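Peer 1: Based on what follows, work out the 3D shape:
(chains A and B)
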Amino acid sequence: MKKIKLLFICVLCLCMVSGCTGSTSNTGSSNGKIRIYLTLSQADAFRTSLVNAALEEAEKQGVEIISEDAGGVLETQVQHIKNAAAEGYDVILCNPVNTDTALELEDLAGDIPIVFFNSCPEDKRLKANKYVYVGSNDEDAGRYQAEYILDKGSNKSEINVVIMQGELGHSATSARTNSLIKELMESGKNVNIVFKDTADWDQAIAKDMFNTFLTTNQQCDFVACNNDTMALGVIESMKENNISPSSMPVLGVDATSEGCNSISAGDMVFTVMQPAKGQGEYAIKAAVALAQGKSISDIEGASDDNKYIYVPFEKVTTENVSNYK
Amino acid sequence: MGKEKQDNKTVTPKMFSIKWKLLCIIIPVVVLMVGILVISSYKVSKELLESTSHDLLELSVDNQANQIEAWMNENLASFKMAKRTIESTNPDEEQLQAMLDSYYGFNSNFTNGLYIADADGNLMKASQSDLTAGNVADSIWFKQGITRQNMAYTDSYQNDNGVNVVSASGILKDSSGKLKVISADLSIDKISIIVNSFIDMEGAQAFLVNKYTNEIIAHRNSELISTQLGANGDKYMSSLADKFNAGDFDFCSVNGNMTVFEEIDGTNWELVSYVPESLILSKITLLRNVMILIGAVAILILCLLIIRVVHMIIRPVKKLTSSILTMSSGDFTVEIDSNGNDEIAMMGQSVKKFTSSMRQMLHDIHTISDKLNEQAWRSDSISSELYGSAQTQATSMSELNTTVDQLSISVNEIAENATKLAMVVSDTHENSEHVDKKMQETVDISTKGRTDMQKIGKAMNEISESISKLNSAVDKVGEASDEITKIVALIGDIAEETNLLSLNASIEAARAGEMGKGFAVVAGQIGQLASNSTASVSNITTLIDEIRELVSDAVNQAGESSKNIDESSQLIYAAVETFDLIYKNIEETNDMIAYMINKVGEVDEVATTVAAISEEQAASSDEILATSENMVIHANSISDNSHGVADESKHLAETSEKLSQQVNTFKI
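Peer 2: Numbering: from 1, shown residues only, chains lettered A, B, ... in the order given. Okay, the predicted model is just below:
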């Protein structure tokens, strides 16, 4: 009888302890509005439109948001995070100046969850429903380019491709390039990569490199660039060397206004729109979910491991370019 | 312990000692808990070990990849520096040769230094270099070199000297306007050494694979270098090849190997590192064995400890139990230890008190039962005596009963006789009344006679002669009258005596029991008296008849002397006077008879009363008989009961003997 009593008490204690720990976890921000701190690495056209979309979405959801620009200075961004932690914000939206600093930023934020956007930290720095990344899957960009190439070159026995890469070590560079090459290789078509080098996202370097490529006198069917800027450099080179861009269709990524103009002008043929607006909206949705202690799994585009929310790219061609100008 | 168990068994086979009960409860619980503890800690440790192994492998491959990257990039940086120097200085052929010579042996990683070739197949190299190049344009380093401006690593290949190498090659942009490729070779063996040297994890293996071509670039087994992944038919390699084809570079377990992948930046290479799970499992197995051993030892020690502790605690109870068992067999001479201050000691003390009080009590019972026994025997003899007495009494009673019965019969007879007497007296009474009537008639007749006398008075004279004769007759009547007078006197005596007798009879009746016979005598006298009086009455009747004869004689003489009447008228007158006298006498006689009848009536009454009394007496004697019969029955039942009492007292004696025997079985 005594033993049964003792056991009962033990079970009761356990229940109480677990009950206590359970109840502490969900305090979140039930009192008042959810407060979001947004820190931007450095404003540019794309990021500005992303932030604007985020602010708009925040207003729609009725959450409080403050937006700061680190101006590309790491120390400033670190200060932003410290401020957010000190002022007890519910969640931080962060476009890291340097993705390698993610761990430091997470430490500084303490218990505050972080939604990274625009630049993706390493996978191991992300944590399900705590440190998540909202962005577009760069692999999709590479794959869309490959699909376009394979579609247009389907009648060719051999497809020769020039690849202009972005900065080495940049997550977008390897993701876009690798998915492009992988898709091409796995197509079963006879695909040759006749030139592949890094032009550091730069138009002039791309132009110079394409010039160099031309000296190798190799066949070229398509030029796939990691971004529109480099694609424009390639077009420039072609024009200088009296090559019609239509003979070597040039593909970019980002659907910048210059890129879209180039497509309209019939120079570039294809680009991929990274939806700044969508990314801004989803960043807020993710932030709200985390602030409420919920999982991001209910949000569209969430990965199975609850670390990523992928906002799909959109293909831009001559047919639909007018929509993106 | 075994002995005690056996002891228990001999007492009651079903007994299951507290000790074993306790052990049966505690030990399984302890075993279960230790088991759960060991199993759960094993599980936690196992998971920890697995995740640690995974982390370690990840860390190892990460570190390795970084080392390789650093090594490659360091070399690549050197090449790029040289290339940039060449491009910026824009040297002539001689200067360029000098430059290339200067790079020879500059770094042990690429002892042959840099070499440059143009599309026409012209090769420039350091003068000491042993490099040979057959068809430059077809060589991998040249073909891949023209696909980039920045130097990058080519796929691995076997150069013309038969050495497995990778080249760092790229387009050299000098002022010649010719397409030139600058290249430098790194030995794959060197890369393999680098790859295998930086494995952090014990038992782990690593190798490099070109992720686009699935070609093995570096492997500890040099035979596999430059072959396709899975080409040697190895299952693990084949599975990896599938993974590479699918582009799946996530951590996984392939054919019993924990495998991680790491991309080498700036190359198409994927570093694969794996560790056989059996290695981790062996650690886990060791852990499990240790855990099992610890668990078993812990259980063993705990069990021994529990057995010992329970034994210690239970020992006084066992002693107490054996004491109680001894007591239950009737031996109260046991001594009980009751040292200590716990519940069991309290129990011992209580039992001790109990035994001493039991001892006292048994002693008392013993004494009492002895006394009881004695008393029982005494009571038995008394009851036997009582039985004898009762029997005697019963016999006496039945004798008495017989006596009373006889008495009753006698009384009844008396009653009958009294009744008969009464009836006789009654008849006498009736007869005397007859006499009275006749007397009355006689009186009437005498009255008539007197009148006749008076009538014949006239003739008296005539019959005066006869009167003398009549005189003598009348004398005779007078004599008769005297006798009657005497008889009447006698009857009066009888009446008196009867009266006395009746008195006596009533007294006797009161004392009927003993004096029945006396009364019978009295009754007989009464009967005699009655007959005497009857006889007297008949005498009277006879006398009367004689008187009548005498009278008729007188009448006859009177008739004879009618002729003499005249003569004797005087005589007649005298006769009339005499007649009157006779009449008077007759009337007196009549009165006497009436008196007598009266007396006889009284006698009748008395006799009737006597009869009634003697009937009552008979009834009473019947009642007495009934009562005495009852008394006999009671006496018999007393006798029976006293017999029962005797039996019971005998029983009691026996029982008390048994009691004393049983009490004697207790040792005190």
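
Peer 1: what ranges do the helices span in chain B?
Peer 2: For chain B, the helices defined by DSSP state H occupy B:2-11, B:18-89, B:93-103, B:140-145, B:188-197, B:235-246, B:277-328, B:343-455, B:464-510, B:512-560, B:569-665.

Peer 1: Determine which stretch of those is the most buried.
Peer 2: helix B:140-145 (a mean of 22; mean count of other CB atoms under 10 Å in any protein chain shown). For glycine as for every other residue, the C-beta is placed from the backbone atoms N, C-alpha and C.

Peer 1: is any part of that one close to chain A?
Peer 2: No: Helix B:140-145 is not in contact with chain A by CB under 8 Å from any CB of the partner chain; minimum separation 9.3 Å.

Peer 1: helices or strands up against that helix?
Peer 2: With contacts taken as 3 or more CB pairs under 8 Å, 6 or more residues apart in numbering or on different chains; DSSP states H and E, helix B:140-145 sits against strand B:152-158, strand B:164-172, strand B:180-187.

Peer 1: Which pLDDT value does the model give the residue lying closest to residue A:295 once chain neighbours are set aside?
Peer 2: Leaving aside its sequence neighbours, residue A:295 sits nearest to residue A:129 (CB to CB, 6 or more residues apart in numbering or on different chains; 5.1 Å). pLDDT, residue A:129: 91.

Peer 1: pretty sure residue A:213 is touching residue A:194, no?
Peer 2: Yes: using CB atoms under 8 Å, residue A:213 is in contact with residue A:194, at 7.5 Å.

Peer 1: quick one: common contacting residues for those two?
Peer 2: A:162, A:220 (CB atoms under 8 Å, 6 or more residues apart in numbering or on different chains).

Peer 1: ok, the two, which is more surrounded?
Peer 2: Between residue A:213 and residue A:194, counted using other CB atoms under 10 Å in any protein chain shown, residue A:213 has the larger neighbour count: 25 against 21.

Peer 1: In a strand, the more buried one, correct?
Peer 2: No: checked against DSSP: H, G, I helix; E, B strand; the rest coil, residue A:213 lies outside a strand; its state is helix.

Peer 1: dump the residue contacts of it.
Peer 2: A:162, A:194, A:195, A:220.

Peer 1: secondary structure class for the residue nearest to residue A:295?
Peer 2: coil.

Peer 1: Turn the helices of chain B into CSV, including mean pLDDT and distance to residue B:205.
Peer 2: Rendered in CSV, the data for the helices of chain B read as follows (pLDDT from 0 to 100; distance: least, CB to CB, whole Å):
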stretch, mean pLDDT, distance to residue B:205
helix B:2-11, 44, 60
helix B:18-89, 86, 11
helix B:93-103, 86, 35
helix B:140-145, 88, 27
helix B:188-197, 80, 8
helix B:235-246, 85, 10
helix B:277-328, 84, 11
helix B:343-455, 78, 68
helix B:464-510, 67, 153
helix B:512-560, 67, 147
helix B:569-665, 76, 91
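
Peer 1: So residue B:617 sits against residue B:413, correct?
Peer 2: No: applying CB under 8 Å as the test, residue B:617 and residue B:413 come out as separate, 11.2 Å apart.

Peer 1: shaky segments in chain A?
Peer 2: The model of chain A has pLDDT under 70 over residues A:1-31.

Peer 1: Contact residues of it facing chain B?
Peer 2: A:168-169, A:174, A:181-182, A:185-186, A:193-198, A:208-209, A:212, A:215-218.

Peer 1: Sitting in strands, which of these do you find?
Peer 2: A:193, A:194, A:195, A:196, A:197, A:198 (DSSP state E).

Peer 1: neighbours around the fifth one, how many?
Peer 2: The local packing count at residue A:197 equals 24, with neighbours defined by other CB under 10 Å.

Peer 1: With adjacent residues omitted, what lies nearest to it?
Peer 2: residue B:148 (4.0 Å).

Peer 1: Let's see the pLDDT reported for the one you found.
Peer 2: If you check residue B:148, the pLDDT there is 89.

Peer 1: and it, what are its phi and psi?
Peer 2: Torsion angles at residue B:148 (phi, psi; degrees, to the nearest 10) stand at phi -160, psi 160.

Peer 1: Pull the contacting residues for it.
Peer 2: Residue B:148 neighbours (CB under 8 Å, 6+ apart): A:195, A:196, A:197, B:170, B:171.

Peer 1: again with residue B:247
Peer 2: Residue B:247 makes contacts with residue A:182, as judged by CB under 8 Å, 6+ apart.

Peer 1: still on that earlier bit, can you name the two of the ones in strands among the residues of chain A next to chain B that are farthest apart?
Peer 2: Greatest spatial distance among those (CB to CB): A:194 and A:198, at 15.8 Å.

Peer 1: Show me the domain layout of chain A.
Peer 2: A:35-136+A:276-312, A:139-273 (automatic domain parsing).

Peer 1: Next to chain A, which bits of chain B? Give me the list.
Peer 2: Within reach of chain A by CB under 8 Å from any CB, chain B has these residues: B:146-150, B:152, B:170-171, B:173, B:179, B:212, B:245, B:247, B:263, B:265-266.

Peer 1: Most neighbours out of those residues, which is it?
Peer 2: Highest neighbour count within the residues of chain B next to chain A, by other CB under 10 Å: residue B:170, with 27 neighbours.

Peer 1: per-residue confidence for the residue nearest to it when sequence neighbours are not counted?
Peer 2: Take residue B:170 and drop its neighbours on the chain: the residue closest to it by CB to CB, 6+ apart is residue B:151, 3.7 Å away. Note for residue B:151: predicted pLDDT of 89.

Peer 1: what does the one 3 residues further on give?
Peer 2: For residue B:154, the pLDDT comes out at 85.

Peer 1: For it, the count of nearby residues, please.
Peer 2: 25.

Peer 1: The one 4 residues further on too?
Peer 2: Other residues near residue B:158 come to 13 when the count uses other CB under 10 Å.

Peer 1: What separation is there between it and residue B:115?
Peer 2: Distance, residue B:158 to residue B:115, by CB to CB, to the nearest Å: 17 Å.

Peer 1: Would you check how far apart residue B:399 and chain A are?
Peer 2: 84 Å (CB to the nearest CB, to the nearest Å).

Peer 1: What values do phi and psi take at the residue nearest in space to the middle of chain A?
Peer 2: For chain A, residue A:135 is the residue whose C-alpha lies nearest the centre (CA atoms, centre = their mean; 3.5 Å). Here is the backbone geometry of residue A:135 (degrees, to the nearest 10): phi -180, psi -170.

Peer 1: Report the beta-bridge partner residues of it.
Peer 2: Beta-bridge pairing for residue A:135 (DSSP bridges): residue A:310.

Peer 1: isn't it right up against residue A:311?
Peer 2: Yes: in this structure residue A:135 lies within contact range of residue A:311 using CB under 8 Å: 6.8 Å.

Peer 1: hey, what's in contact with both of the two?
Peer 2: Contacts common to residue A:135 and residue A:311, judged by CB under 8 Å, 6+ apart, are residue A:279.

Peer 1: Next, please give the residue ranges for the strands of chain A.
Peer 2: Under DSSP E, chain A gives strands at A:35-40, A:64-69, A:91-94, A:114-117, A:131-135, A:158-165, A:190-198, A:222-225, A:250-251, A:268-273, A:308-310, A:314-317.

Peer 1: Among the contacts of residue A:213, find me the one that's closest to chain B.
Peer 2: Taking CB to the nearest CB as the measure, chain B sits nearest to residue A:195 out of the contacts of residue A:213, at 4.7 Å.

Peer 1: and the closest one, what does it touch?
Peer 2: A:162, A:163, A:209, A:213, A:216, A:218, A:220, B:146, B:147, B:148.

Peer 1: is it true that the first one touches residue A:197?
Peer 2: Read it as residue A:162. No: the criterion here is CB under 8 Å, and residue A:162 misses it with residue A:197 at 9.0 Å.

Peer 1: rewinding a little: would you reformat the strands of chain A as CSV and include distance to residue B:550?
Peer 2: Shown next, in CSV, are these (distance: least, CB to CB, whole Å):
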stretch, distance to residue B:550
strand A:35-40, 188
strand A:64-69, 189
strand A:91-94, 188
strand A:114-117, 192
strand A:131-135, 189
strand A:158-165, 214
strand A:190-198, 213
strand A:222-225, 213
strand A:250-251, 213
strand A:268-273, 205
strand A:308-310, 190
strand A:314-317, 202
